[in-house]
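[1] Give me a 3D structure for the following:
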Amino acid sequence: MKNKILILVIWGCLILPVWAIDKYPKDYTKLYNYVQTSDFQQVEENEELRTKLVDLYYFQRLRGEWQNAAKTADAVIAVTKNLYGEDSEATLNARITRAENNTILKVPDKVMPEYNEIYNIAIKNGYKNVANTALYGIANFYMQTQQYSKALEYYNKVPKNTELEGMSDADRYLNISRMYTNLSDNKKALQTLNKYYSSLKTSTDYDKYQYNFALAQLYGRKGDFNNAVKYLAKAETLVNKVDEPNKRMTIFLNFYKNILYKDIDNYEEAGKIFKENEYYIENDKNYAEIENIYCYSLDYYKDLSDEQNFNKIYKKLEKFYEDYPSDSLRKILYKEKKVKMLQKLNKTEEAVILTNQLLKEFDSVKELVPVDYARILTYAANNEIAQNNPKEAREYLNKAYQYYRKSLPETAYDLHYLYNQYAVTYEKEKDYLNAEKYYKKALTYTNKAENNKDSAFIYTPLAYVYAQMGNKELAEKYIDKAIENTIKCYGVNNSMTYYVLIDKYKLLKTKLNDNEKAQLVLKEINNNIGMNGITGQPNKIKYRVGVVNAYEAIEKEEYENAEKYAKEAKQYAYNDTDLKAVNKLFYDIYSKSGNKIKAIKYKKLAHISQE
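    Sure, this is the predicted structure:
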């Protein structure tokens, strides 16, 4: 039995391949009933029905009918076993299909024992192709569970010149390169990617597309967005030459394109991509793709703090899982996105309730998917930080570290997020020496990976720590490093660069008491906005700069100017949080300028908005 599964990787996610629905039997009711009642005799006796049984399995996978697909996989195995024997090559291949399904379903307790048994039987009986397929399956399982070092180990175990479908030397090099990318070993990722390209027997447009797409992912992970955009554009040109009429490859490319545009703070372009993908799924009714697009949509609306649209998509995804129930971890993991949204909106009580629910649901599988469980523990830590409970937060972080280390080496890049959280807890306690220690520990990971974006995010709070320690020289040094790294990633006129410039202004003015330098930075910000414009999210920057200018005017008792700047800020306020700040700003202006009527009005508005 030939394996049909092809696994495409987009930033560690497994995305199912799909074929046009008309390639599958339109009426499979009879077969479905055979599966449900375990009545396999008629199937065994009819070769056409046996073939359709396999097609039924993939059809169910396509529709997201995960539990039904699992039952059909069991039926395929039962039929094959009766016909060819338990240890036959055909039966082992059928079992591999089930293991692949359980990998995608994230039910690891069913995956590893099966793969190991398949491998041992295959070696014993001399089935080299089956043994190599099992090794590849184990590598894919470790990749899916974010155990990238182990995935790398098993991809390297697959012998060279293994010319099975999806397992050529070129395919193996491509997957190995992706593992190095996920481990932030960019040098080896690039070397292996070049091996992939040089190992191709022929270089088709599809191969060139794969190569350029992988380069875009590599540079995007590194924070080199100029190169990421360049290679993504090349991949997009190539995909138009080789894509199917149903635009499957375009949809896959759009998933990453959306991530990249969000990374460079260009949500307008990201939104256009969403509408394009939504058009495809509405017209194609492809259930596997619907799930992925809903998940990416949640991330998009979370980043924009757009609660209304987030909740709309979240309800659609809930309905999706009700219609296509599964015992997989997918049913649990999507709730993570709700936790992160609640935390971003400062709805801590709701975030705590949902996080505790997630921890409870994970309890039975935490040893099997330790990285996923560790990540949920970090959300619990963030909840404690939000409630000003740094010691309790560190208890969760300590536990998260233990579970991360069950699967990840100490050198794993993801640990830098954990050390960054440790630093935040110590900063909350005004233990600046330990805060400095952990921020610097996080930087060892980001600097080694040459990840300018993540380094910049750490340099800024580290600068504030040095300011609190009274070390002006180091405070200015690290805020300038943050600006330098941000410009490397985004360019001078991107909104992300302006965010860090505003941070520098606030640092100089409020922490270092250097108003003269602060005014120079503010002047630079206002001049650049006027002359060059802003890429990324201009409205957010105009809102923030308006607020800053208004408070500067209040300090100088220039209340008419303050009112003008406040009105500008209100014009660009995006969400309730922005409006709360603007209401408070107007109250400050009118209370200090002696306009009692307006002061009372905005005091009420500020009070209402805070409830």
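[2] neighbouring contacts of whichever strand or helix holds E349?
    Using DSSP states H and E, E349 maps to helix 348-362. By C-beta atoms under 8 Å, 6 or more residues apart in numbering, the residues outside helix 348-362 that reach it are 332, 335-336, 338-339, 342-343, 369, 372-373, 376-377, 379-380, 382-383, 386-387. To be clear about C-beta, it is placed using only N, CA and C from the backbone, and glycine gets the same treatment.
[3] likewise stretch 577-597?
    By C-beta under 8 Å, 6+ apart, the residues outside stretch 577-597 that reach it are 305, 345-346, 543, 547, 550-551, 554, 557, 559, 562-563, 566, 569-570, 572-573, 598-599, 601-603, 605-606, 609-610.
[4] One more pass at 6 Å, please.
    For stretch 577-597, the external contacting residues (C-beta atoms under 6 Å, 6 or more residues apart in numbering) are 543, 550, 559, 562-563, 566, 569-570, 573, 598-599, 602-603, 605-606, 609.
[5] One more: stretch 460-480?
    The contact list for stretch 460-480 (C-beta under 6 Å, 6+ apart) reads Y432, A435, E436, Y439, Y459, A482, D503, K504, L507, K511, L512.
[6] Pull the residues that contact stretch 512-528.
    By C-beta under 6 Å, 6+ apart, stretch 512-528 touches A467, K472, L501, K504, Y505, L508, K509.
[7] quick one: which of those sit in helices?
    With helices taken from DSSP state H, the overlap with the contacts of stretch 512-528 comprises A467, K472, L501, K504, Y505.
[8] what two of those residues have the greatest distance between them?
    Farthest apart among these by C-beta to C-beta are K472 and L501. That separation is 18.3 Å.
[9] between these two, which one's more packed in?
    L501 (22 against 16; other C-beta atoms under 10 Å).
[10] Skipping its backbone neighbours, what lies nearest that one in space?
    Closest residue to L501 apart from its sequence neighbours, by C-beta to C-beta, 6 or more residues apart in numbering: I525 at 5.3 Å.
[11] For the one you found, give its distance to K81.
    I525 sits 71 Å away from K81, going by C-beta to C-beta, to the nearest Å.
[12] List the residue ranges of the stretch 301-450 of the chain that fall below the pLDDT cut-off.
    Within the stretch 301-450 of the chain, the stretches with pLDDT under 70 are 323-330.
[13] which residues of it fall in helices?
    307-323, 330-333, 335-344, 348-362, 370-386, 390-407, 415-428, 432-448 (DSSP state H, counting those that start in this stretch).
[14] Go through the ones you listed and name the closest to I264.
    Smallest distance to I264 across the helices of the stretch 301-450 of the chain (C-beta to C-beta): 18.0 Å, for helix 432-448.
[15] Name the residues of that closest one that are buried.
    In terms of neighbour count (16 or more other C-beta atoms under 10 Å), helix 432-448 has its buried residues at Y432, A435, E436, Y438, Y439, K441, A442, L443, Y445, T446, N447.
[16] Format those as CSV; extra columns: distance to T162.
    Converted to CSV, these look like this (distance: C-beta to C-beta, whole Å):
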residue, distance to T162
Y432, 55
A435, 50
E436, 50
Y438, 44
Y439, 45
K441, 41
A442, 40
L443, 41
Y445, 34
T446, 36
N447, 38
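[17] Just give me the closest of those to P159.
    Among the buried residues of helix 432-448, and counting by C-beta to C-beta, the member closest to P159 is Y445, at 33.4 Å.
[18] quick one: that closest one from E484, how far?
    Y445 is 19 Å from E484, by C-beta to C-beta.
[19] tell me the secondary structure for the residue nearest to L501?
    Recorded secondary structure, I525: helix (DSSP: H, G, I helix; E, B strand; the rest coil).
[20] burial measure for it, as a count.
    I525: 21 neighbours (other C-beta under 10 Å).
[21] what's the pLDDT at it?
    We have a pLDDT of 93 for I525.
[22] and what of the one 4 residues further on?
    Listed pLDDT for I529 reads 83.
[23] roughly how far apart are it and D503?
    Taken as C-beta to C-beta, the span from I529 to D503 is 16 Å.
[24] ok, those two, which is more surrounded?
    Each of I529 and D503 had its neighbours counted (other C-beta under 10 Å), and the higher figure belongs to D503 (20 against 16).
[25] Let me see the contact set for the more buried one.
    Neighbouring residues of D503 by C-beta under 6 Å, 6+ apart: T460.
[26] from now on call the first residue 753
    Noted, 753 is the first residue going forward, which turns the last one into D1255.
[27] Report the separation between it and L835.
    D1255 is 68 Å from L835, by C-beta to C-beta.
[28] Which parts of the chain are strands?
    Secondary structure of the chain by DSSP state E: the strands cover 760-762, 765-767.
[29] By mean pLDDT, show me the worst of those.
    strand 760-762 (a mean of 29).
[30] With adjacent residues omitted, what lies nearest to E1119?
    K1158 (7.7 Å).
[31] Double-check that neighbour against V1121; I have them as touching.
    No: checked against C-beta atoms under 6 Å, the pair K1158 and V1121 is beyond contact range at 9.8 Å.
[32] Of the two, give the one with the bigger neighbour count.
    Between K1158 and V1121, counted using other C-beta under 10 Å, V1121 has the larger neighbour count: 25 against 14.
[33] List the residues that contact K833.
    Neighbours of K833 in contact, by C-beta under 6 Å, 6+ apart: T843.
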